[in-house]
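Need the 3D shape of this:
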Amino acid sequence: MLGAEIKGDSDLEIAGLRDIERLSPEQPLEDGFVYFIESKAVLKRHPLAAEHGIILTTAELAPQFPRALVIAGDARLALIALLNHFDRRPVFAPGVSKSPLVHPGAVIDASATVLPGAVVMEGAEIGARAVIWPGAVIESRAKIGEDTVIRSNAVIGYDCVVGKRCIIHSSTAIGADGFGFYDRPGERYKIPHIGNVIIADDVELGASNTVDRATIESTTIGRHTKTDDQVHIGHNCRVGRFIYIVGNTAIGGSVVLEDGVMLSGNVIVKDHLRIAAGTIVMGASAVAQDTEPKQAYFGTPARPAKEMHRINSALGKLPELIGKVRELEAKLLEKTS
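Residues are numbered from 1 along each chain as shown. As a prediction, this is how the structure comes out:
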C-alpha cells in the first residue's frame, strides 16, 4: 500500500498507529504499532525509538531502527496514506433514509431520554438517565455517560467519549477534524485525523465550543473542567482537571494544560506549549512560551504579570524619554558644529 521497504520481521502484525509526541523520553514505544519519525530532532527526543515499535521513516533515518517501514520518497505522503487506511469515520449508502432518527443498532439505557429530533447513529451508547435534546447528533460509536446532558444542536463525533454528569451546551461540536494539512508545490493534502476526543466526568462545555479530535490518539479533557461559550480546543490537546477557560479563548493543537489552570477571555495559546499547573492567564493575552507553575501572565506576548506591570509603567514614560533624548542629541550637535 505504501510502497515501503520493510526492515525487520515482515510477518510482524501491525495493530495500528501511535503518536510518539505523546510519549516522554523515558517511555518505550509499544511493539506492534507504527510511529512516524521523519527528523533527527524527534529521534533525539525519543531515544527508546531505536528499541521498540515499528517506525515509518525516511531512508536516511532507517539505519537507526531495527523495525521500520522505509519510504524512499515523501514520508509525509506515506503517513497520510496510512492515516486514511485506519480512518473509521462512518460511510453512508446513497439515497434518502426512511429509518427513524435513532438507529436500531444504538444502545440506549431504559432510563435515558432522547427527545424528538435528536439523531443517534449506529453503535452509539447512551448511559443511564442521560438526556439528549432535540437536534443533537450522537454519531456512530460515540459514548455518552450516565446523567450527562447534551443540549440542542450539539454534535458528539464518531468514536468520541463523554463521561458521567457532563453538560454539553447547544451548538458545541466535539470531534471535528483537526486543522492539519501538508503542502507541496502546487498541492495541498488534508491530513486525516483518526483519533477521538475523551471527556472525563463532571465536565461542562459552554455553547458553540469546538473540540477537535486527535490526529492519531485522543484529545482529552479532565474532570471538573469548565469552559465558557465560544472556546476552541485544538487537536491533540491534553486539558487537565479543575480548569476554567473563559469565552472566546483559542488553544492551539498539542497544548498541555496542567491541573488548575485558568485562562481568561480572549486568550490565545500557541500550539505545542505546556501551561503549568495553577497558571493564570489574564484576558486578551497571547501565550507564546511555556509557563511556570502558579504564576499570573498577561500581555502579547504574555509575560509574568510583575514583569508586564514594569513594562507598561515604563511605556507610559516613553514620550517624555524620547523628548529628553532629542534634546540631548540637539545639544551634542551644537557642541560638535
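
Tell me how far the closest residue to Ile216 other than its chain neighbours lies from Asp147.
With sequence-adjacent residues excluded and distances taken as C-beta to C-beta, 6 or more residues apart in numbering, Ile216 is closest to Asp19, at 4.2 Å. From N, CA and C alone the C-beta is placed, and that goes for glycine too. Look at Asp19 and Asp147: by C-beta to C-beta, to the nearest Å, they are 32 Å apart.

repeat for Thr227
19 Å.

Centre-most residue in the protein?
His235 (2.3 Å; C-alpha atoms, centre = their mean).

Contact partners for Ala176?
Residues in contact with Ala176 (C-beta atoms under 8 Å, 6 or more residues apart in numbering) are 157, 210-213.

Could you list the low-pLDDT ranges of this structure?
Where the chain drops to pLDDT under 70, the residues are 98.

how does it look with 80?
96-100, 337 (pLDDT under 80).

mind checking the longest helix of it?
Longest helix in the chain by number of residues (criterion: DSSP state H): helix 318-336.

Now find how far off-centre that helix is within its chain.
Relative to its parent chain, helix 318-336 has a centroid offset of 52 Å by C-alpha atoms, centre = their mean, to the nearest Å.

helices or strands up against that helix?
Applying 3 or more C-beta pairs under 8 Å, 6 or more residues apart in numbering; DSSP states H and E, we find helix 318-336 packed against no helix or strand.

buried sites along it?
The neighbour-count check on helix 318-336 (16 or more other C-beta atoms under 10 Å) flags nothing as buried.

Kindly export that helix (C-alpha atoms) in CSV.
In CSV, the C-alpha atoms belonging to helix 318-336 read as follows (Å, rounded to 0.1, in the frame of the first residue of the first chain):
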residue,chain,number,x,y,z
LEU,A,318,8.3,56.7,26.8
PRO,A,319,7.1,60.0,25.2
GLU,A,320,8.9,62.0,27.9
LEU,A,321,12.1,60.0,27.5
ILE,A,322,12.0,60.4,23.7
GLY,A,323,11.7,64.2,24.2
LYS,A,324,14.7,64.2,26.5
VAL,A,325,16.8,62.1,24.1
ARG,A,326,16.1,64.6,21.3
GLU,A,327,17.1,67.5,23.5
LEU,A,328,20.4,65.7,24.3
GLU,A,329,21.0,65.0,20.6
ALA,A,330,20.4,68.6,19.7
LYS,A,331,22.9,69.8,22.4
LEU,A,332,25.5,67.3,21.1
LEU,A,333,25.1,68.6,17.6
GLU,A,334,25.6,72.2,18.8
LYS,A,335,28.8,71.3,20.5
THR,A,336,30.2,69.4,17.5
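
Quick check: phi and psi at the residue nearest to the centre of the chain.
phi -60, psi 150 (degrees, to the nearest 10).

what's around the closest residue to it other than its chain neighbours, how many residues?
By the measure of C-beta to C-beta, 6+ apart, the closest residue to His235 outside its immediate chain neighbours is Gly178, 2.7 Å from it. Neighbour count of Gly178, defined by other C-beta atoms under 10 Å: 20.

which residues touch Ala78?
When contacts are counted by C-beta under 8 Å, 6+ apart, Ala78 touches 2-4, 56, 69, 71.

how about these in CSV, adding secondary structure?
Formatted as CSV, those follow (DSSP: H, G, I helix; E, B strand; the rest coil):
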residue, secondary structure
Leu2, coil
Gly3, coil
Ala4, coil
Leu56, strand
Leu69, strand
Ile71, strand
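
before we move on, back to that, please list all residues in contact with the residue nearest to the centre of the chain.
177-180, 193, 195, 212-215, 219, 253-254.

Look up how far Ile191 lies from Gly135.
Counting by C-beta to C-beta, the gap from Gly135 to Ile191 is 30 Å.

Repeat that for Glu21.
Using C-beta to C-beta, Glu21 is found at 14 Å from Ile191.

got the buried residues for the helix or strand Ala81 falls within?
Using DSSP states H and E, Ala81 sits within helix 75-86. Across helix 75-86, burial judged by 16+ other C-beta under 10 Å covers 75-83.

and Ile198, which of the three is it?
Relying on three-state DSSP, one would call Ile198 strand.

Hmm, I typed the wrong one, I wanted Ala93.
Per three-state DSSP, Ala93 ends up coil.
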